[in-house]
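sequence and predicted structure, then a few things I'm wondering about:
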Amino acid sequence: MTRIVITGSTKGIGKGLAAEFARLGHKVVISGRRQDDVDATLAELGYPSDQLTGLACDSVDKTQVEALWQFACEQFEGVDIWINNAGLARTVWPILDTPDSEVVQMVQTNIIGTINGCKVAASGMKKAASQGFATEPQKIFNMLGGGSDGEYFAGMGVYGTTKRALDYFTTALTKELQADHILVGKIRPGMIITEGVIREAQADINNFEKRRKFANLLCDHVETVAPYLAREILALNKTGQKIRWLTPLKMTGRMLSGLVRPTADKFSRYGL
């Protein structure tokens with residue numbers, strides 16, 4: 001039974017991963033910035049506390065990340081997989097129009113928060129291994145996203161920059177932890193319909209309507225993607241690998257199919 005910590009897991013793909021890991025019988029610690037959100041998610045998922053539990057954690061504050069690690073160790077006697085999922089995406093503005101406060105939040109959450117998680121998890125895993133407490137392969141995963149491979153998307157200049165930085169950081173971490181036998185992985189979850197995506201679509205509905213057909217071709221629901229990612233995370237056995245849901249081949253196939261057959265509207269269930 002694998003022990004897993006997921007930051008930013010009270011909503012979106014983080015929550016979907018937590019639900020899937022728990023369904024598979026693993027032990028999971030979830031986190032979010034607010035304890036009431038953590039408690040509400042635990043109640044919604046409905047698993048016993050000896051399998052699924054959680055603690056509020058702002059990943060930008062390293063002290064809180066250290067507290068999350070300690071909490072997981074106290075609850076489950078260790079951590080086998082740590083997933084840095086906490087992130088912030090603001091994708092409705094070009095770079096010059098992005099409010100300075102939003103720039104700071106994206107950089108702090110996506111970069112500083114992930115670095116904090118990696119440092120805390122790697123240090124804890126090295127200590128556990130030295131004391132003989134590591135019962136399974138130890139793994140750290142960083143959640144990448146649009147822009148991490150250097151591609152450009154309109155409105156994602158700042159967000160994509162943070163994810164491009166994380167790609168380099170994760171590669172560097174892979175090399176530095178290789179001798180410690182800690183596996184490091186990258187996750188490209190694709191274009192997932194999350195609360196944040198819905199919020200930004202509602203904020204600029206005219207722009208969303210222009211992109212609606214394209215979005216319906218390439219976007220997926222959390223429950224579609226989470227099972228695949230969870231299986232690949234558990235199966236990863238080589239450091240430095242990238243788990244990618246929406247591959248270039250899959251994207252091409254979807255675009256071509258959209259030319260010959262109607263595409264189901266994936267956004268109507270959200271009132272869009």
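Perfect, I can see it now.

quick one: distance of the longest helix that the chain contains to the chain centre.
Once the chain is assigned using DSSP state H, the helix that runs over the most residues is helix 157-177. Helix 157-177 has its C-alpha centroid displaced from the chain centroid by 14 Å (Cα atoms, centre = their mean, to the nearest Å).

also stretch 49-63?
In terms of Cα atoms, centre = their mean, the centre of stretch 49-63 is found 15 Å from the chain centre.

got it, and stretch 229-245?
On Cα atoms, centre = their mean, the centre of stretch 229-245 falls 13 Å from the chain's centre.

next one: stretch 202-217
So, by Cα atoms, centre = their mean, the centroid of stretch 202-217 is 23 Å from its chain's centroid.

list the buried residues for it?
208, 212, 215-217 (16 or more other Cβ atoms under 10 Å). No exception for glycine: its C-beta is placed from N, CA and C like everyone else's.

what's in contact with stretch 212-225?
Applying Cβ atoms under 8 Å, 6 or more residues apart in numbering, the contact partners of stretch 212-225 are 12-13, 15-16, 189-194, 197, 208, 245-246, 251, 254-255, 257-258, 263-267.

the same query, at a cut-off of 7 Å, please.
Contacts to stretch 212-225, defined as Cβ atoms under 7 Å, 6 or more residues apart in numbering, come from residues 12-13, 16, 189-194, 245-246, 251, 254-255, 258, 263-266.

quick one: which of those residues sit in strands?
Secondary structure from DSSP state E places 191-193 of those in strands.

least confident of those residues?
Note: of those, the lowest pLDDT belongs to Met191, at 91.

so what's that one up against?
Applying Cβ under 7 Å, 6+ apart, the residues contacting Met191 are 218-220, 246.

now it: how far from Gln202?
17 Å (Cβ to Cβ, to the nearest Å).

and the contacts of Met191, which two are furthest apart?
Across the contacts of Met191, no pair lies farther apart than Cys219 and Leu246, at 9.2 Å, counting by Cβ to Cβ.

neighbour-wise, which of the two wins?
Higher neighbour count among Cys219 and Leu246: Cys219, with 20 against 17, using other Cβ atoms under 10 Å.

burial measure for Gly253, as a count.
12.
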